[in-house]
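**Student:** Below: sequence and its predicted model.
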Protein chains: 2
Amino acid sequence: MAKYADALDDVFVALADPTRREVIRRLGSGPASVGELAHPFPITLPSFMKHVRTLESSGLIRTAKSGRVRTCTLNHERLALLDGWLAEQRRLWEAPTDRLDHLVVHQQETL
Amino acid sequence: MAKYADALDDVFVALADPTRREVIRRLGSGPASVGELAHPFPITLPSFMKHVRTLESSGLIRTAKSGRVRTCTLNHERLALLDGWLAEQRRLWEAPTDRLDHLVVHQQETL
């Protein structure tokens, strides 16, 4: 459970930045080299590499080096962690017992 | 667009903490006072209030004070921002043109 919480922490931190979200968006349409990914951003390559490392350590992307080229790939499963968390929240607030609780509270308030 | 990006930054930062995620989970079943929310956590009330403020400034929760009691309510719409972002990513990687691109790359690789 602690591991799941830590993984979620890392994923949320990684996505709390527009450059990193843009990288994830771009990788959605297929793998790309660090050079291709960095190209649209007005930052230095070392600064961009920090973003790549944050994404990699969160597990959202995987990277592999072949010669001089490092290729990044989206790890859909890690992004699915977020889907799972959101689905869990939705289940909670859509649960019939909760709706009943709300009704009771509402009725108490209107009495 | 910058406003949307900023809002997403704040939401992701707010959710990058297990205490704050637990508060969101709890509020999924209805509004609660800060006292009720703080109860399960082995931290001081001032520390807990920092989490409440981070959640409030991200827009994920709303708070209202009545007498001595501050009540927190989940703002589902702000959480839906995350749903929207995730759905956007899914659309990208499930787009037929992207599947075609992958196919072309794959065929080139196997030639």
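**Tutor:** Looks like it came in fine.
**Student:** Show me what the helix of greatest length in chain A is packed against.
**Tutor:** The longest helix of chain A (DSSP state H) is helix A:76-94. Applying 3 or more Cβ pairs under 8 Å, 6 or more residues apart in numbering or on different chains; DSSP states H and E, we find helix A:76-94 packed against helix A:2-15, helix B:18-27, helix B:76-94. Every residue, glycine included, has its C-beta placed from N, CA and C.
**Student:** what's in contact with it?
**Tutor:** Around helix A:76-94, the neighbours that count as contacts under Cβ atoms under 8 Å, 6 or more residues apart in numbering or on different chains are A:4, A:7-8, A:11-12, A:15, A:24, A:58-60, A:98, B:21, B:24-25, B:28-29, B:74, B:76, B:79, B:82-83, B:86, B:89, B:93.
**Student:** Buried members of those into PyMOL, please.
**Tutor:** For the buried members of the contacts of helix A:76-94, the matching PyMOL selection, counting by 16 or more other Cβ atoms under 10 Å in any protein chain shown, is:
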select buried, (chain A and resi 8+11+12+15+24+58+59+60) or (chain B and resi 21+24+28+29+74+79+82+83+86+89+93)
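**Student:** that older thread, including distance to B:F41 and mean pLDDT, could the helices and strands packed on helix A:76-94 go into TSV?
**Tutor:** Formatted as TSV, those follow (distance: least, Cβ to Cβ, whole Å; pLDDT from 0 to 100):
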stretch	distance to B:F41	mean pLDDT
helix A:2-15	14	93
helix B:18-27	6	97
helix B:76-94	21	90
